[in-house]
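In: my questions concern the predicted model and sequence given below.
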Amino acid sequence: MPNQSTPWFRILDRFNILDIFRLPQPPLIDRGFGLIYDTERDITWLQDMNYAKTVGRSADGQLTWPAAMAWVSSLNYRGIRGWRLPTALNRDGSGPVVGNNCVGSELGHLYLDVFATHPNIVTLGNGTIPCIYWTSTEASPEEAYALDLFSLRQGTLWKDPFQQRFPSVPLSGPVLSWPVHDGDVAAELRSNWLQRLFSSIVSMFRS
């Protein structure tokens, strides 16, 4: 890498000439530790798409909206807290958009934008298609927004979609919860891992 203190570097950087040689970041990056970083939205997804099932929160991962909100907010993944459900709102805070053009929401961006143009960019695990994913966005005291992966449509769903109602509308698949976190949280895990590694090396030399 060029010496950033040299006059030539400053001139090239001043006129954005260095941007020609900078490769753009991919929209999704596998950070390891079971984490997928969305570079365009600056959020981190769990690589496990049905973590509630993995950890035994429910037998199949399905939860009502209140239960999903409570579970995600209390989630401790590898020592990291502060998880949430993805928002149905657009990036600028408008919306939510109802229908098939919900590319502005976090799940919509992931499926209608990133996966549509980069179908094999990362490997996800424990996915079920078709299924429905909750968002954190409340629609009314009885309903919340969700994304249906069968139709790729964002819309409202009863907060308890498993309760018998009349008329009954069949679900296209299981109703799941996919935790997301603001920022690139894998950096914290990498730092902790390096600290433990360094401590182990120091202990080896002391013994």
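Out: Okay, I see it. Residues are numbered from 1 along each chain as shown.
In: is the residue positioned nearest the centre of the chain bridged to anything, and to what?
Out: Geometric centre of the chain, nearest residue: W45, 2.7 Å, by Cα atoms, centre = their mean. Beta-bridge partners for W45, by DSSP bridges, are I36, V180.
In: contacting residues for it?
Out: The neighbours of W45, taking Cβ atoms under 8 Å, 6 or more residues apart in numbering as the test, are 35-38, 110, 178-180. (C-beta placed from N, C-alpha, C; glycine too.)
In: and the helix or strand hosting G108, what does it pack against?
Out: Assigned by DSSP states H and E, G108 falls within helix 106-108. Packing contacts for helix 106-108, counted by 3 or more Cβ pairs under 8 Å, 6 or more residues apart in numbering; DSSP states H and E, involve strand 132-138.
In: could you give me the average pLDDT of the strand it packs on?
Out: Strand 132-138 shows an average pLDDT of 99 in the prediction.
In: list the residues that contact N126.
Out: With contact taken as Cβ under 8 Å, 6+ apart, N126 is in contact with 48-51, 53-54.
In: not counting its neighbours along the chain, what's nearest it?
Out: Distances taken as Cβ to Cβ, 6 or more residues apart in numbering place N50 nearest to N126, at 4.5 Å, with adjacent residues excluded.
In: correct me if wrong: that neighbour contacts G127.
Out: Yes - applying Cβ atoms under 8 Å as the test, N50 and G127 come out as touching, 7.1 Å apart.
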